[in-house]
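*Asks:* Requesting a structural model of the entry that follows:
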Amino acid sequence: MPPVFAHGRLRLYLLKLLEEAPRHGYEVIRLLEERFQGLYAPSAGTVYPRLAKLEAEGLVTHATEGGRKVYSITEAGRAELADRGGELADLELEIRDSVTELAAEIREDVRGAAGDLRREMRAAASASAMRGEDESWQAAKEELRKARQEWKEQARRAKDESRRAREEAQQARRQAKEAQERAREEVQRIAGQLQEQFAKSGGVLGNLAGAWLGGVTAPSAGGTAGAGAGAASATGWAEDLAPSGDPARDLDRLLDRFRDEVRDAARDHGVTAARVAEARADLAAAAVRLAATFGAGKP
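*Replies:* All right, here's what the predicted structure looks like:
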């Protein structure tokens, strides 16, 4: 049987379980067994050393409660989970595929055992018939009937488990795809609102947007020309920042890009008291607009 977890995957999944809630080692083992529908349970010799290694790396910590170590994820551990969100989604699919494979292997084992039992019963029945032991023959037939019934029931359960695993895998794929689409739409919406604000604000923000996106070499006198250039070419801004699947992280990256490019433009074109005053007003307008975008009551 191939390993249930590929290299490094169990480590990631332990972080996920600890992000859900603090747990002691035995509870982690039991949860893993539940996720695999009782078809797989890691040993204590597999789980505890990995928890100790995660603690040594600063990704988890523990407190002693009732003589047991209760492990909790740290902020560093949460950061790693956020950075590896795509891998975690793939891991959920791999777990469902592993459940399907384990159910298929059990079904094959049951089929082989049933075949062996049938052969043994036939041999016993033949021997009994040769000795004229009719009572033993009837008992053998009854055992064979029970074995067939048990095999059919186990085969049915294995088929049901395989079907559920396939359905869960399909649902996980749909959820992962929907999450990626929502993240992409959210980033595009925020970028569009920032571009619209650049176009409306004029002044220093308009000039800086034109410098970033359209190649303007100096601020315009009234800010209108710079705002027009920024709006005209805003569609290409930050296209290299591909969505990561985490909208909050994507927003932080956009704000970092905004801050860096404002500083670069100010350094390249000079900073005066008048420009700083105008920038203050434009940034206040942008802040009001963004506060409304992320205001209470919005999904």
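*Asks:* what about the closest residue to residue 257 other than its chain neighbours, which helix or strand?
*Replies:* Closest residue to residue 257 apart from its sequence neighbours, by Cβ to Cβ, 6 or more residues apart in numbering: residue 238 at 5.4 Å. Backbone N, C-alpha and C define where each C-beta goes, glycine included. Residue 238 is part of no helix or strand when elements are defined by DSSP states H and E.
*Asks:* Residue 254 is in contact with residue 238, correct?
*Replies:* Yes. At 6.1 Å, residue 238 and residue 254 qualify as touching, with contact defined as Cβ atoms under 8 Å.
*Asks:* Which pLDDT value belongs to the residue nearest to residue 257?
*Replies:* Predicted confidence (pLDDT) at residue 238: the value is 75.
*Asks:* Tell me the bridge partners for residue 24.
*Replies:* Bridge pairing for residue 24 (DSSP bridges) gives the partners residue 70.
*Asks:* check contacts around it.
*Replies:* Counting by Cβ atoms under 8 Å, 6 or more residues apart in numbering, residue 24 touches 65, 68-71.
*Asks:* now do residue 82
*Replies:* Applying Cβ under 8 Å, 6+ apart to residue 82 gives the contacts 246, 249.
*Asks:* mean confidence score for the host helix or strand of it?
*Replies:* Assigned by DSSP H and E, residue 82 falls within helix 75-83. In this model, helix 75-83 carries a mean pLDDT of 92.
*Asks:* low pLDDT regions in the stretch 51-200 of the chain?
*Replies:* Applying pLDDT under 70 to the stretch 51-200 of the chain flags residues 96-118, 124-134, 187, 191, 193-200.
*Asks:* can you give me the strands in it?
*Replies:* 60-65, 68-73 (DSSP state E, counting those that start in this stretch).
*Asks:* Out of these, the one nearest residue 157 is which?
*Replies:* Nearest to residue 157 among the strands of the stretch 51-200 of the chain is strand 68-73 (34.1 Å), distances taken as Cβ to Cβ.
*Asks:* and the angle for the closest one with strand 60-65?
*Replies:* If you take axes from the mean of the first three to the mean of the last three Cα atoms, to 10 degrees, strand 68-73 sits at 150 degrees to strand 60-65.
*Asks:* in strand 68-73, what counts as buried?
*Replies:* Neighbour counts over strand 68-73 (16 or more other Cβ atoms under 10 Å) mark 70-71, 73 as buried.
*Asks:* With respect to residue 170, which of the residues you listed is nearest?
*Replies:* Distances from residue 170 to those, taken by Cβ to Cβ, are shortest for residue 73, at 29.4 Å.
*Asks:* Show the contacting residues for the closest one.
*Replies:* Counting by Cβ under 8 Å, 6+ apart, residue 73 touches 15, 18-19, 59-60, 81.
*Asks:* Which among those residues count as buried?
*Replies:* With burial judged by 16+ other Cβ under 10 Å, the buried subset of those is 15, 18-19, 59-60, 81.
*Asks:* Of those residues, which pair is most distant in space?
*Replies:* Pairwise distances across these (Cβ to Cβ) peak at 11.4 Å, for the pair 60 and 81.
*Asks:* who touches both of the two?
*Replies:* Joint contacts of residue 60 and residue 81 (Cβ under 8 Å, 6+ apart) are 15, 73.
*Asks:* Quick check: phi and psi at residue 245.
*Replies:* phi 100, psi -10 (degrees, to the nearest 10).
*Asks:* what's the burial count for it?
*Replies:* Look at residue 245: counted by other Cβ atoms under 10 Å, it has 18 neighbours.
*Asks:* same check, this time on residue 88
*Replies:* 18.
*Asks:* Surely it and residue 12 touch.
*Replies:* Yes. Between residue 88 and residue 12 there is a contact under Cβ under 8 Å: 6.3 Å.
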